[in-house]
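A.B. asks: sharing a model prediction with you, sequence too.
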Amino acid sequence: MAILKKLKSKLNNRKFFIATLALVLVVSIVTGLVYILEVPPVMAQSSVNSLPELAAPQRNQKILIFSPHPDDETIAVGGYIAQAIQAGADVRIAMVTDGDFHHNGQERYTEFKKATAMLGVADDHITFLGFPDAKLDKTQETILADALKAQIAQDNPDIVICPYPGDDNPDHAVIGKAVEGLLKDDPHKRTVYEYLVHYELLWPRPREYAPNYHLLPPKKLMTPETKWETFPLSQTNENLKSTALHVYKSQLANTWLNGLLLSSIRKNELLIIPQNIYSKP
């Protein structure tokens, strides 16, 4: 009887070992496939010099930035904002959503005000449109378009900066598409720049704090429709952007978002020049 129990125990242990090994193998294969399929190849660091350089903001230019959520403005163009204000440009930000998807909208708004103040944005140059976070794709298009159109008419900017319509985040995509649609019919010839924040799983690369690296576009988005330009940051403005991003403690506490925020602290920022609407001064 004792021998039988030992044999049974050994058999169970062997089955457990085989099951565990099989699970590890499956997880490894799935992880490998996800990495291959979802980690977007980017240009080599040395190729950053092949990208055209974005025109520096000028004194008295009026610049309007549409930010889907509190932190997107700093992630995408924190350095550009700082340099524009230092140059004497008039920078205004329209915060489109309430940032309340996780029921911490007030905390995120507080962080947003503090971060943008660090970059130099005056409190009265910020507008809160108050649309529900993570629900813009369910919002009636005309209501959102009317709000964005009214903001453009009110601020009458020379330069409009908005999300790229191909961003993987639905709120970003909806705003980008709406702004593009409005500016196609706008009689004023405004300069338009678009930014990318969310793309596949692990962009930017490396997805970590690497301040001595350049931010580079995904190879799959290097197309005639997505003309990328680089905006080099001085060390002072790179540091200022980093300081402003670290204000977003609610986002940095999330391991996944932590990587996104910190990987945007680079030697440059990237903007897309849309080819289907007027986009050059």
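C.D. replies: Thanks, I have it.
A.B. asks: residue 212 reaches residue 267, doesn't it?
C.D. replies: Yes: if you go by CB atoms under 8 Å, residue 212 and residue 267 touch, sitting 6.9 Å apart. The way it works is simple: take the backbone N, C-alpha and C, and place the C-beta from them, glycine included.
A.B. asks: pLDDT score assigned to residue 226?
C.D. replies: If you check residue 226, the pLDDT there is 89.
A.B. asks: just give the closest residue to it, not the sequence neighbours.
C.D. replies: Closest residue to residue 226 apart from its sequence neighbours, by CB to CB, 6 or more residues apart in numbering: residue 272 at 5.2 Å.
A.B. asks: quick one: list the elements packing against the helix or strand that the one you found is a member of.
C.D. replies: In the assignment (DSSP states H and E), residue 272 maps to strand 268-274. Under the contact definition 3 or more CB pairs under 8 Å, 6 or more residues apart in numbering; DSSP states H and E, strand 268-274 sits against helix 72-86, strand 191-195, strand 226-232.
A.B. asks: most neighbours per residue, which of the ones you listed?
C.D. replies: helix 72-86 (a mean of 26; mean count of other CB atoms under 10 Å).
A.B. asks: ok, residues contacting that one?
C.D. replies: Identification of contacts with helix 72-86 by CB atoms under 8 Å, 6 or more residues apart in numbering yields 54, 56-57, 61, 63, 65, 67, 91, 93, 95, 112, 115-116, 119-121, 161, 163, 172, 195-197, 231, 233-234, 237-238, 240-241, 244-245, 248, 260-261, 264, 268-269, 271.
A.B. asks: please spell out the ChimeraX selection for the buried subset of these.
C.D. replies: Per 16 or more other CB atoms under 10 Å, the buried members of the contacts of helix 72-86 correspond to this ChimeraX selection:
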select :54,57,61,63,65,67,91,93,95,112,115,116,119,120,121,161,163,172,195,196,197,231,233,237,238,240,241,244,245,248,260,261,264,268,269,271
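A.B. asks: give the closest residue to residue 174 in space, chain neighbours not counted.
C.D. replies: Closest to residue 174 by CB to CB, 6+ apart is residue 136, at 4.3 Å.
A.B. asks: what's around that neighbour, how many residues?
C.D. replies: Applying other CB atoms under 10 Å, we find 21 residues neighbouring residue 136.
A.B. asks: hmm, back to that, now distance to residue 46 too, for the helices and strands packed on strand 268-274, in a markdown table please.
C.D. replies: Listed next are those as a markdown table, based on distance: least, CB to CB, whole Å:
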| stretch | distance to residue 46 |
| --- | --- |
| helix 72-86 | 21 |
| strand 191-195 | 23 |
| strand 226-232 | 13 |
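A.B. asks: where does the protein dip in pLDDT?
C.D. replies: 1-39, 278-281 (pLDDT under 70).
A.B. asks: and the strands in it?
C.D. replies: 62-67, 90-97, 126-131, 159-163, 191-195, 226-232, 268-274 (DSSP state E).
A.B. asks: and those strands as TSV, adding distance to residue 178?
C.D. replies: Output for the strands of the chain, formatted as TSV (distance: least, CB to CB, whole Å):
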stretch	distance to residue 178
strand 62-67	9
strand 90-97	10
strand 126-131	11
strand 159-163	9
strand 191-195	12
strand 226-232	18
strand 268-274	13
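A.B. asks: ok, which of those strands comes nearest residue 41?
C.D. replies: strand 226-232 (14.7 Å; CB to CB).
A.B. asks: quick one: contacts of the closest one?
C.D. replies: Contacts for strand 226-232 (CB under 8 Å, 6+ apart): 48, 51-54, 77, 79-80, 164, 166, 214-215, 217, 221-222, 267-273, 275.
A.B. asks: ok, now how distant is the residue nearest the centre of the chain from residue 163?
C.D. replies: Nearest to the mean C-alpha position of the chain, counting by CA atoms, centre = their mean, stands residue 197 at 2.0 Å. Separation of residue 197 from residue 163 (CB to CB, to the nearest Å) stands at 7 Å.
A.B. asks: which neighbours do those two share?
C.D. replies: Common neighbours of residue 197 and residue 163 (criterion: CB under 8 Å, 6+ apart): 72, 76, 169, 172.
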